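Trainee: My questions concern the predicted model and sequence given below.
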Amino acid sequence: MLKIDDQLLAIEDAMDDVLKAFLSLEMVKQYRQAKQDFLADSSLQQEIQAFQRLQENYEAIKPYEVKRDEAYALRKKLLVQKRAIDMNSRLIRYRRLEVDMQTLLAELSQKISAAVSSDVFVDTGLPLAPHKRPHKSGRGNNIRERGENHAETRG
């Protein structure tokens, strides 16, 4: 059963403070504005919907691509439509800010986990970041064998 005490309430208050500070960052405000601009652009949204319909049509005839000539034309049209969408300035700005936000969240997660323990590994999800903590080979390399007892820290 969860023990509610002053420490838990202090942690909750600290989390609220971190959240407020994070949401007040300029990068977060730019990201939210870029997302709003992206969603509000009706012509871009219509292009995306048209692309999705085109993609569904192509996926339906893809197994017969070798035997049907219109599959090649549809694929070419699909790629042209995708390129047009990808070159939209609002989408480019939104995607760049999305990656920046992911990087910022990864850094924040790593700092929080480092404050808890250096043994906590955070998979940031970033493309060039390590996805698994490398394991050392041999005996004595897990937490319990190094002398740390997690049963005492849990209770």
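Mentor: The structure has been received and is ready for your questions.

Trainee: CA only for contacts and neighbour counts going forward, please
Mentor: OK.

Trainee: Now the residue nearest the centre of the chain. Nearest residue, chain neighbours left out?
Mentor: Within the chain, one residue has its C-alpha closest to the average C-alpha position: by C-alpha atoms, centre = their mean, that is residue 102, at 5.6 Å. Ranked by C-alpha to C-alpha, 6 or more residues apart in numbering and with sequence neighbours excluded, the top spatial neighbour of residue 102 is residue 126, at 7.5 Å.

Trainee: Surely that neighbour touches residue 103?
Mentor: Yes. The criterion here is C-alpha atoms under 8 Å, and residue 126 meets it with residue 103 at 7.2 Å.

Trainee: returning to what we had before: name the residues of the helix or strand harbouring the residue nearest to the centre of the chain that are buried.
Mentor: Residue 102 is part of helix 89-116, with elements assigned from DSSP states H and E. Using 16 or more other C-alpha atoms under 10 Å as the test for burial, helix 89-116 gives 90-91, 93-95, 97-98, 101, 104, 106, 109-110.

Trainee: how about the residues you listed in CSV, adding pLDDT and distance to residue 14?
Mentor: Written out in CSV, the entries for the buried residues of helix 89-116 read as follows (pLDDT from 0 to 100; distance: C-alpha to C-alpha, whole Å):
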residue, pLDDT, distance to residue 14
90, 96, 35
91, 96, 35
93, 97, 32
94, 97, 30
95, 96, 30
97, 96, 26
98, 94, 26
101, 94, 21
104, 92, 19
106, 89, 19
109, 87, 14
110, 85, 16
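
Trainee: Farthest pair within those residues?
Mentor: 90 and 110 (30.1 Å; C-alpha to C-alpha).

Trainee: What is the neighbour count of residue 24?
Mentor: Using other C-alpha atoms under 10 Å, residue 24 is surrounded by 11 other residues.

Trainee: Over to the one 10 residues further on?
Mentor: Burial of residue 34 is recorded as 21 neighbouring residues (other C-alpha under 10 Å).

Trainee: Count residues in the vicinity of residue 118, would you?
Mentor: The number of residues near residue 118, taken as other C-alpha under 10 Å, comes to 10.
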